[in-house]
Every structure is written in C-alpha cells, then in structure tokens.
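Asker: Fold the stuff below for me.
(2 chains)
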Amino acid sequence: MQREYITDKFPNLSKGPVDVSMYHDPEFYEREKEAIFSSSWLMAGRVEQIPNNGDYFVRTVPTFRMSLIVIRGKDNQIRIFQNACRHRGNAICLEKQGNTPALVCKFHGWAYDLTGRLKAIPDAGGMFDLDKSSLGLVEVRSAVWNGFIFFNLDEDAPSLEQYLGDIGPALTGYPFDTGTSRFQIACSLNSNWKAVIDSFSETYHVPTLHRYSIAETLAGGNNKFGHLVDAVHYGYHRTASVWGNNDYQPKPFQKIAYEFGGDAGASITGGQGDTARLTLPRGVNPSRSSNWGIDVNVIFPNLVIVIGPGSYFCHQMWPVGAGKTEWEMTGFWQPAQTAAQRIVQEYFMVELRDTVMEDLNTLERLQCNIENGVVKEYLYHDHEVALRFHHHVVREAVERFSGAPV
Amino acid sequence: MTTKILPHGFEDLSPFAARWALGTTAERARERHNSSMDEIRAFYDAVFPKSSTALEYLNKVPYDGAMNVADRNLMNLYLSLAEITTAVEWYGQPAVVDGYEPSLVRMPVELP
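Answerer: As a prediction, this is how the structure comes out:
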C-alpha cells in the first residue's frame, strides 16, 4: 500500500532538503527582526494577571531591549506603555508587577496617570518651554484575543484580528480564562529562535528523545512513531495535532495523581482531564480524533500555545541574536482547591519541566553544528512538516518585506 | 535539623520531613539535585507507599492560608515526592537523563 504523506496536504511545500543558513546567518537575523518582529503581534501576557484597575505587570522584550508596562486603567482599559520616563528615560515601574494609582518615576518624580498623560513635574518652573500635553508615556499598540494581551510596535500593521486570521476564531471558546494558577520557567539558550520553536513542533523525536518520559503517552500502540493526527495551516499560523495513547499504563505516582487531580490537575502526559465534558472549539483537536493528545499551535512568529484537554501552556521565544534566544514557558492551571490537588499540580509541572529539559538539551549542539558549517541542510521527515512550513513562512515574510527573493 | 510535626497517622514519616518538607519549588529542586540517588530512593521508598492515604487526607484540606502547620508540612513533604518521582520512576538518577543543565534554568514564577 502506498504511504499517505501528511506533507501532501500542503502542495506549496517541497519535500527536499532545507538550507540551514536562516538558522545562523546574522544578516538574515537582522532582516527577520525588521521584517517580522518589528511589525508582528507579539504576546505580552494574560488579562488574568491584571484583574483590577491599577494592576500592572512589566513585559520585557529582549529582542528590542525594551521594557513595557501593561496596565489596567481606572476605566478598565488595558494599555501598554514603554517603561521609560519622558524626562530622561528612567524605567517607571521597577517591580515586575503590582498595583498603582499613578505611574511615578522614582528618579525625579515625574508623574503620569494610568492613561499615560503627564500630570506633574516637580519644580516645573525650572524646565524650559515644555508642552506637558505632548509628553505622555509612549503608548504601544495593544489588543486582546481570548485573554491574551498582544502588542505591536508597528502603528500601521493590520489589526490583531486580521493578523490572526482563521486561527483566531478556530481556537476561540477554549477555556483559557480558567487557567489562573501560573508557573513560569525560563532560560537563555545558545540557539536560533526558530530552532527552539521547531523542537516543540514535531513528534518524530518523541519515541527516541523522550524514551524515559512521555514516549508512551504520545506514541505507542498502533502508532509507535507518534505520527500526528492532523496538521492545519492558517496563513502563517499553524496547528499540529498530536496523538495520545488511550491505552497508556500510568506509572505508580501518575496513577495517584490522576485519581486526585480533579479539574486542577490536568497533564499533557497521560490523557488526564475530562475531555468529554468540554465543548472544544473547532480548532482544538481539529480532526476530532478519538486518539487526541494535545495540539501544538504556533501563532507566528514566536508564540506556541500547547493545548491539552484540561490545561494549556505557552512557549515564547525572544531572539537576541542569530544564535541566541531568551525562552519562556508559562503553564496555566485551574487553581488547586485542596492540598492534594496542589501536590498533583506540582507533579505535572515537574513532568513537563523534565520533559522539556530533554528537548532543550538538543538545541545548543544543533546550533553548534550549523554555525561551524558541518551541517548545511536539514532532512525533514513527513511528521516534521511543521518545520518545513516554518522555514517556508519565515522566508516568505522576509521576502515580502524586502520585495526580493532571499 | 528542626523537627517538623506531621498530622496524626503520619508521624512515622517525620525523619524525612525535617529534610524534605520544603516550602518552594526552588528548594525542592535544589534538594533533588544535591542528593544522591540512594538518598532519593530511600525517601521515595518511605513516603510513596503512603501516597494514597496522604492525598486522601490532604484532599479534605482546603488549599488556603488557613492550613495548620502539620498539614502544611505533610503537603510540603509530598510536594517533594512530586519533585523526585521522575528521578525514580523515569530516570534512575537525580537529573534528567541527557537533560539540559538544571542550574541554567530559572523559575521566575512558581505555582501559587
């Protein structure tokens, strides 16, 4: 029988080797920064982080060495400002998060209201010809989708809704808002940002790389190679729908964790979470597979939302060079109601963290062997189609911006 | 090490509570990576058999600021079991096999 390739769903993708230069060329990185990161919608955080008027958090954007204040005003509107006083550029908010009635610089005391207007300058008579009305905090475009707060450094970019296109409505309805218990893990990786995304986007590695951890939950039975159940592309955004092993036999403590987790304990590692009770939007488990494990959604360029039946987590990759990336992973769970549920959450956090440590460990070696010129092309498997697509859309975005082939 | 009291019925675990009833993920992870596999396995072998009983007990304890000291110690002890279980059940060594260097990974936000 002729094998059916999932790559055949996407006739614009080649099946040949892929050139690796865009994963290490500093010049290409500068073009990506200009063509992609300067005008894309990038995710700052979640609305649940700032439920009350005056609540704020600071989002650092390592790619541009920027610090942004994300704040809910007295009018309940969420706004994003550059964390920079108009006087001499000191950061206004020094804490990572908090609640404040006004934004006051702790250098010379310039004070702004929560809409960014400059309200007070100490000893204002000593300043020369200032027009206070033109000296508000620099506001950055922001918009909210399903509780995710995005920003865009380009005033002229299309709206967030247009930018997301079909993946926006496809994922709308998943209960993102219930995941108010967060944890975050981060590190600085000597790896290209795209390679970090790629490492979480394919399942071909699951049986081998994750042989001690999650191989049997995302591969096994009649799918020993962990073939995807589906792949869907929405413009530059994409979903890889990952198989889950319904016949997985839990390890000793997992069994106990599944028993006591309740709604607060839903893992990516063992089909926990009451899928039947959830009405999933059409973009989640898009093929309505009875063997659905998780979906890996990539919102171009650098937000990965991994959705499981009862919890989700995000990766964000912030490039700081062709071969350097600041990586953050944030998990979202429903709050633990009992002490036992809190323990289950910790266990699933550890499972996820340890599994990701397996992924991370490949990246710096990969980067090394393309930077030293030993490896010049990647040979992608059918179930690494997400990587082929990634290469394709990044090239297209850079070409579209520069108006010439790259 | 100071004694950490445990609820009635769990007193036999107190030799392990002094070392492993730790209040933050960072402390628990540090203890895992500073321990030998023999020490981790001894902790697992002592504490794991009572997991069902302990979680059943702790499932009746609301997770809030009103938890008493003994209940909190028991929870923290089992949070450490949650930390080291993958060392025993997955890897057979304290660190992730072929894993990224744990000291290079930060945890800016711990679970509440």
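
Asker: where's residue B:107, which helix or strand?
Answerer: Assessed by DSSP states H and E, residue B:107 sits inside strand B:106-109.

Asker: That strand vs chain A: in contact?
Answerer: Yes. Shown here: strand B:106-109 in contact with chain A (CB under 8 Å from any CB of the partner chain) through B:106-109. C-betas here are computed from N, CA, C, even on glycine.

Asker: quick one: pLDDT of residue A:245?
Answerer: Looking at residue A:245, its pLDDT is 89.

Asker: Now do the closest residue to it other than its chain neighbours against residue A:204, distance only.
Answerer: Excluding the flanking residues, the one nearest residue A:245 by CB to CB, 6 or more residues apart in numbering or on different chains is residue A:220, at 4.5 Å. Taking CB to CB, to the nearest Å as the measure, residue A:220 and residue A:204 are separated by 15 Å.

Asker: And residue B:91, by the same measure?
Answerer: In terms of CB to CB, residue B:91 sits 22 Å off from residue A:204.

Asker: what do you get for residue A:335?
Answerer: Residue A:335 is 36 Å from residue A:204, by CB to CB.

Asker: just checking, what's the longest helix in chain A?
Answerer: helix A:339-371 (DSSP state H).

Asker: remind me which residues of chain B are low pLDDT?
Answerer: B:1-2 (pLDDT under 70).

Asker: Correction: the previous question concerned chain A.
Answerer: For chain A (pLDDT under 70), the answer is A:1, A:266-278.

Asker: Can you list the residue ranges for helices in it?
Answerer: A:26-32, A:160-164, A:167-171, A:193-199, A:206-209, A:215-218, A:252-260, A:339-371, A:385-402.

Asker: so what does the fourth one touch, helix or strand wise?
Answerer: Read it as helix A:193-199. On a contact count with 3 or more CB pairs under 8 Å, 6 or more residues apart in numbering or on different chains; DSSP states H and E, helix A:193-199 meets strand A:312-321, strand A:324-333, helix A:339-371, helix A:385-402.

Asker: I'd like to know which of those lies nearest to chain B.
Answerer: The closest of the helices and strands packed on helix A:193-199 to chain B is helix A:339-371. By CB to the nearest CB, the value is 3.8 Å.

Asker: quick one: that closest one near chain B?
Answerer: Yes. Using CB under 8 Å from any CB, we find that helix A:339-371 touches chain B at A:339-347, A:349-351, A:353-354, A:357-358, A:360-361.

Asker: ok, the residue positioned nearest the centre of chain B - contacts?
Answerer: Chain B has residue B:80 as the residue nearest its centroid, 1.2 Å off, counting by CA atoms, centre = their mean. Residues in contact with residue B:80 (CB atoms under 8 Å, 6 or more residues apart in numbering or on different chains) are B:20-22, B:28, B:31-32, B:43.

Asker: follow-up on the earlier one: looking only at neighbour counts, state which of residue A:335 and residue A:204 leads.
Answerer: residue A:204 (19 against 16; other CB atoms under 10 Å in any protein chain shown).

Asker: And for chain B, the residue most distant from the center?
Answerer: residue B:98 (23.3 Å).

Asker: Who are the contact partners of the residue nearest to it when sequence neighbours are not counted?
Answerer: Nearest residue to residue B:98, sequence neighbours excluded (CB to CB, 6+ apart): residue A:361, at 5.8 Å. Residues near residue A:361 by CB under 8 Å, 6+ apart: B:96, B:98-100.

Asker: 6 Å - rerun?
Answerer: B:98-100 (CB atoms under 6 Å, 6 or more residues apart in numbering or on different chains).

Asker: Export those residues to CSV and append columns for secondary structure and distance to residue A:158.
Answerer: Output for the contacts of residue A:361, formatted as CSV (DSSP: H, G, I helix; E, B strand; the rest coil; distance: CB to CB, whole Å):
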residue, secondary structure, distance to residue A:158
B:98, coil, 43
B:99, coil, 41
B:100, coil, 38
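
Asker: How far off centre is the longest helix out of those in chain B?
Answerer: Counting by DSSP H, the longest helix found in chain B is helix B:69-86. Chain-centre distance of helix B:69-86: 4 Å, with CA atoms, centre = their mean, to the nearest Å.

Asker: cool, and stretch A:29-49?
Answerer: 10 Å.

Asker: Give the buried residues for it.
Answerer: Going by neighbour count (16 or more other CB atoms under 10 Å in any protein chain shown), the buried part of stretch A:29-49 is A:29, A:31-32, A:35-37, A:39-47, A:49.

Asker: In strands, which of those fall?
Answerer: Counting by DSSP state E, these place A:42-46 in strands.

Asker: Tell me where chain B has helices.
Answerer: Under DSSP H, chain B gives helices at B:14-20, B:25-33, B:37-47, B:51-58, B:69-86.

Asker: looking at the ones you listed, which is buried most?
Answerer: helix B:69-86 (a mean of 24; mean count of other CB atoms under 10 Å in any protein chain shown).

Asker: That one relative to helix B:37-47, how many degrees between them?
Answerer: Here the directions of helix B:69-86 and helix B:37-47 differ by 130 degrees (axes from the mean of the first three to the mean of the last three CA atoms, to 10 degrees).

Asker: the inter-axis angle of helix B:69-86 versus helix A:339-371?
Answerer: 30 degrees.

Asker: Tell me what angle helix B:69-86 forms with helix B:25-33.
Answerer: Using the same axes, to 10 degrees, helix B:69-86 lies at 50 degrees relative to helix B:25-33.

Asker: could you give the angle of helix B:69-86 to helix A:252-260?
Answerer: For helix B:69-86 against helix A:252-260, the angle by the same axes, to 10 degrees is 130 degrees.

Asker: Kindly provide the distance from residue B:45 to residue B:85.
Answerer: In terms of CB to CB, residue B:45 sits 12 Å off from residue B:85.

Asker: With residue A:35 instead?
Answerer: When residue A:35 is compared with residue B:85 (using CB to CB), they lie 46 Å apart.

Asker: what bridges to the nearest residue to residue A:160 once chain neighbours are set aside?
Answerer: If the residues on either side of it in the chain are set aside, residue A:160 comes closest to residue A:143, at 3.8 Å by CB to CB, 6+ apart. Judged by DSSP bridges, the bridge partners of residue A:143 are residue A:150.
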